[in-house]
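S.K.: starting from these lines, generate the structure:
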Amino acid sequence: MKKIISILLCLMMLSVTVFASPAADVDSELRTVSVSGISETKNGLVSVIILAPTKGEGDVINPPKDMTEITYENLVSNSTMIAELETDDSGSYKGDFRLPASSPSGKYYVYVSGEDAFYFYYANAAEVAECISAVQNASEDKVGEVLFTYTVSKEILGLNLDGDYAEFSTSANKVMYEFKEDSKPETIADIKSAFEKAVEAAKYLESDADGIEEAIEANLLGNTFADELSAEEIAEMFETVRDGGKLPSKDYADFIALTLRKASALVAINSTTRGAMTSVLEEYNDVLKLDLDGDYEKLEKNAVNKKLVDKNFKSIEAVQDAFDDAVKAAKKSESSTGSGSGSGSGSGSGSSHTRVEVSPDYTAPDVTDTTAPSAFTDLSDAEWAREYITSLANAGIVNGVGGGRFEPMRSVTREEFLKMLLTASGITPAYSSASFSDVESGAWYASYVLWASENGIVNGIGDGRFGIGDAITREQMAVMTVKMLEYLGKSYENGSVSFADEASVSDYAKEAVGKMVKAGILSGMPDGTFAPKANLTRAQAAKVIYMVKAGVVND
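M.R.: Sure, this is the predicted structure:
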């Protein structure tokens with residue numbers, strides 16, 4: 001009969017049934033042994049023989065290579081367990097054994113029909129107690145030596161001393177010492193658990209972002225992460241925060257938890273929108289330590305938040321400095337402009353709002369002047385939009401972000417686009433009451449949102465919210481723009497939507513997209529798609545607003 005291992009290799013290459021070599025799982029403290037494997041014999045029997053060490057000598061006398069070489073002397077000299085195990089229709093088998101209390105420590109050889117022998121190490125109660133005591137009493141500089149002794153010389157612990165442990169052994173031993181001092185392991189299982197956590201902690205302390213990501217996903221230390229944050233982003237930020245500080249000499253678990261918390265805060269801040277920024281700051285203020293109850297609470301929060309979005313902060317200190325600067329700037333701005341715009345001039349109708357009337361024969365202002373006050377330096381990736389951006393900047397409809405930059409590929413929020421759309425249409429609402437639950441009265445965008453809502457330009461995103469701070473999608477932009485231009489008395493022919501991804505255009509947006517494509521205001525992406533759910537970029541917004549302002553319509 002061929003050895004099962006040969007069959008295994010052949011069948012692996014053929015990608016058919018795989019036969020697994022037998023293995024033994026031993027628990028020295030419970031004196032239990034579980035032998036399992038997969039045989040080529042299906043729905044049949046496999047024989048199992050376990051030869052124990054010779055009492056007083058600590059090993060099997062001349063251990064046979066396989067079952068066919070077992071002699072009468074072996075059976076007489078060694079305490080023996082013999083069993084026949086049933087296999088299922090896949091050839092799998094499993095047998096559970098319990099060693100007598102008098103069983104000696106040493107190597108126990110296991111023989112399964114048609115297999116080469118293998119062994120497991122069993123430690124009796126005295127040897128287990130010796131191992132646990134040795135680990136409990138090991139000094140920091142002796143921890144690694146003890147782990148090696150009771151894993152290699154005396155095969156009790158069964159630890160994996162290769163791989164990550166070998167790479168980060170210095171840190172792993174330090175953390176193992178701290179963990180075992182804190183937890184006082186009383187069983188072999190306790191020691192194994194502490195060891196695995198120590199290796200994970202060592203990866204946090206020494207590994208690169210890939211190793212940290214593996215540790216985050218394994219999460220043996222039991223840290224908590226927000227669902228919306230990716231392990232990859234947190235790992236990269238953890239490495240940045242860790243390398244920017246000083247590693248501790250103890251309390252490693254606390255250091256890791258705090259650094260992970262800081263990394264999560266930075267990832268959340270760097271990826272959130274202006275409208276959601278306040279919630280993020282509140283959620284992570286245990287590590288941000290910002291004064292959210294002072295001037296920030298009294299100010300128009302979005303005036304502060306807009307200076308915190310898309311900054312790619314690398315440290316908590318950078319967030320703190322930017323927050324303080326933004327609060328000061330917003331406070332100064334409010335002081336110089338007064339306490340607010342009030343409720344409007346009113347008319348005789350009893351309404352607390354001042355309506356802005358726009359003539360149906362409105363004609364867009366001339367935009368032929370394309371000489372910008374100052375040239376933006378980051379338009380190389382959006383050269384096609386330079387004319388639109390330059391013209392709108394010259395007209396005061398769009399602004400840069402400082403330092404001569406426009407950031408053409410950055411997403412545009414719903415309220416930002418709405419303001420540009422109304423401004424390009426010659427509309428400047430004069431009231432600022434809140435019309436949606438997420439619209440703050442007095443906020444810079446409030447008057448635009450309320451006017452657009454009352455005139456049927458926007459309907460919100462549900463649950464009584466407008467979607468402040470949310471990036472506007474290309475299809476949302478199409479609907480908003482068509483409604484605005486039709487309010488101005490312009491008319492469009494219906495056009496068909498014929499893009500590679502036309503099926504992904506929402507039903508509510510298909511007519512608007514078709515009209516804008518027919519009018520030449522919108523076009524698809526270079527790959528033939530429309531990307532309706534993609535966020536609108538500042539460069540794309542500039543083209544649409546430019547066309548609106550220039551009066552490009554199909555009368």
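S.K.: sec struct for Gly37, please.
M.R.: Secondary structure assignment for Gly37 (DSSP: H, G, I helix; E, B strand; the rest coil): strand.
S.K.: distance of Asn459 from Tyr204?
M.R.: For Asn459, the distance to Tyr204 (CB to CB, to the nearest Å) stands at 48 Å. The C-beta positions use only the backbone N, C-alpha and C, and glycine is treated the same way.
S.K.: so between these two, which is more surrounded?
M.R.: Taking other CB atoms under 10 Å, Asn459 and Tyr204 do not tie; Tyr204 has more neighbours (27 against 13).
S.K.: might you report the residue contacts of the more buried one?
M.R.: Ile212, Ala215, Phe238, Arg242, Ile256, Thr259 (CB atoms under 8 Å, 6 or more residues apart in numbering).
S.K.: nearest residue to it other than its sequence neighbours?
M.R.: In space, and not counting its chain neighbours, Tyr204 is closest to Ile256: 4.8 Å by CB to CB, 6 or more residues apart in numbering.
S.K.: residue contacts, the residue nearest the centre of the chain?
M.R.: Nearest to the mean C-alpha position of the chain, by CA atoms, centre = their mean, lies Ser230 at 0.6 Å. Residues counted as contacts of Ser230 (CB under 8 Å, 6+ apart) are Val267.
S.K.: tell me the domain ranges of this protein?
M.R.: Split into domains by automatic domain parsing, the chain comes to 4-122, 126-206, 380-550.
S.K.: need these in CSV (columns: distance to Val287).
M.R.: Below are the domains of the chain laid out as CSV (distance: least, CB to CB, whole Å):
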stretch, distance to Val287
domain 4-122, 42
domain 126-206, 17
domain 380-550, 22
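S.K.: ok, which of the ones you listed comes nearest Asn302?
M.R.: domain 380-550 (5.6 Å; CB to CB).
S.K.: start to end distance for that closest one?
M.R.: Domain 380-550 has an end-to-end distance of 24 Å (CA to CA, to the nearest Å).
S.K.: what's the mean pLDDT across it?
M.R.: Confidence for domain 380-550, expressed as mean pLDDT, is 86.
S.K.: okay, Trp384 and Tyr546: tell me how far apart.
M.R.: Here Trp384 is placed at a distance of 12 Å from Tyr546 (CB to CB).
S.K.: who has more neighbours, those two?
M.R.: Neighbours of Trp384 and Tyr546, each counted by other CB under 10 Å, are more numerous for Tyr546; the result is 24 against 12.
S.K.: other SSEs contacting the longest helix along the chain?
M.R.: Longest helix of the chain, by residue count under DSSP state H: helix 316-337. Identification of packing neighbours for helix 316-337 by 3 or more CB pairs under 8 Å, 6 or more residues apart in numbering; DSSP states H and E yields helix 252-271, helix 285-288, helix 295-298, helix 301-305.
S.K.: avg pLDDT for the first one?
M.R.: Averaged over helix 252-271, pLDDT sits at 93.
S.K.: so which bits of that helix are buried?
M.R.: 252-253, 255-257, 259-271 (16 or more other CB atoms under 10 Å).
S.K.: what packs against it?
M.R.: By 3+ CB pairs under 8 Å, 6+ apart, helix 252-271 packs against helix 169-183, helix 188-206, helix 231-243, helix 277-283, helix 285-288, helix 316-337.
S.K.: can you show me the CA trace of it as PDB?
M.R.: Extracted as PDB, the C-alpha positions of helix 252-271 are listed here (Å, rounded to 0.1, in the frame of the first residue of the first chain):
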ATOM      1  CA  TYR A 252       2.500  48.400  26.200                       C
ATOM      2  CA  ALA A 253      -1.200  47.500  26.000                       C
ATOM      3  CA  ASP A 254      -2.200  51.000  27.200                       C
ATOM      4  CA  PHE A 255       0.200  52.600  24.700                       C
ATOM      5  CA  ILE A 256      -1.200  50.500  21.800                       C
ATOM      6  CA  ALA A 257      -4.800  51.200  22.700                       C
ATOM      7  CA  LEU A 258      -4.200  55.000  23.000                       C
ATOM      8  CA  THR A 259      -2.200  55.100  19.800                       C
ATOM      9  CA  LEU A 260      -4.900  53.200  18.000                       C
ATOM     10  CA  ARG A 261      -7.500  55.600  19.300                       C
ATOM     11  CA  LYS A 262      -5.500  58.600  18.000                       C
ATOM     12  CA  ALA A 263      -5.000  56.900  14.700                       C
ATOM     13  CA  SER A 264      -8.700  56.200  14.400                       C
ATOM     14  CA  ALA A 265      -9.500  59.800  15.300                       C
ATOM     15  CA  LEU A 266      -7.100  61.100  12.600                       C
ATOM     16  CA  VAL A 267      -8.500  58.700   9.900                       C
ATOM     17  CA  ALA A 268     -12.100  59.800  10.800                       C
ATOM     18  CA  ILE A 269     -11.200  63.500  10.600                       C
ATOM     19  CA  ASN A 270      -9.300  63.100   7.400                       C
ATOM     20  CA  SER A 271     -12.100  61.200   5.700                       C
END
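S.K.: that helix vs helix 188-206, what angle?
M.R.: With axes from the mean of the first three to the mean of the last three CA atoms, to 10 degrees defining the directions, helix 252-271 sits at 50 degrees from helix 188-206.
S.K.: name the element the nearest residue to Ala257 once chain neighbours are set aside belongs to?
M.R.: Residue nearest to Ala257 in three dimensions, not counting chain neighbours: Asn223, with 5.7 Å by CB to CB, 6+ apart. If you go by DSSP states H and E, Asn223 is not part of any helix or strand.
S.K.: how far off centre is stretch 44-52?
M.R.: In terms of CA atoms, centre = their mean, to the nearest Å, the centre of stretch 44-52 is found 49 Å from the chain centre.
S.K.: buried residues in it?
M.R.: Within stretch 44-52, the residues that count as buried by 16+ other CB under 10 Å are Val46, Val48, Ile49, Ile50, Leu51, Ala52.
S.K.: the last one contacts Ser103, correct?
M.R.: Yes - judged on CB atoms under 8 Å, Ala52 makes contact with Ser103 at a distance of 6.2 Å.
S.K.: overlap in contacts of the two?
M.R.: Common neighbours of Ala52 and Ser103, counting by CB under 8 Å, 6+ apart, are Ser79.
S.K.: pick the most buried one from the helices and strands packed on helix 252-271.
M.R.: Counting by mean count of other CB atoms under 10 Å, helix 188-206 has the highest mean neighbour count of the helices and strands packed on helix 252-271, with a mean of 21.
S.K.: the helix or strand following it - what's its average pLDDT?
M.R.: Per DSSP H and E, the first helix or strand lying C-terminal to helix 188-206 is helix 209-218. For helix 209-218, mean pLDDT rounds to 94.
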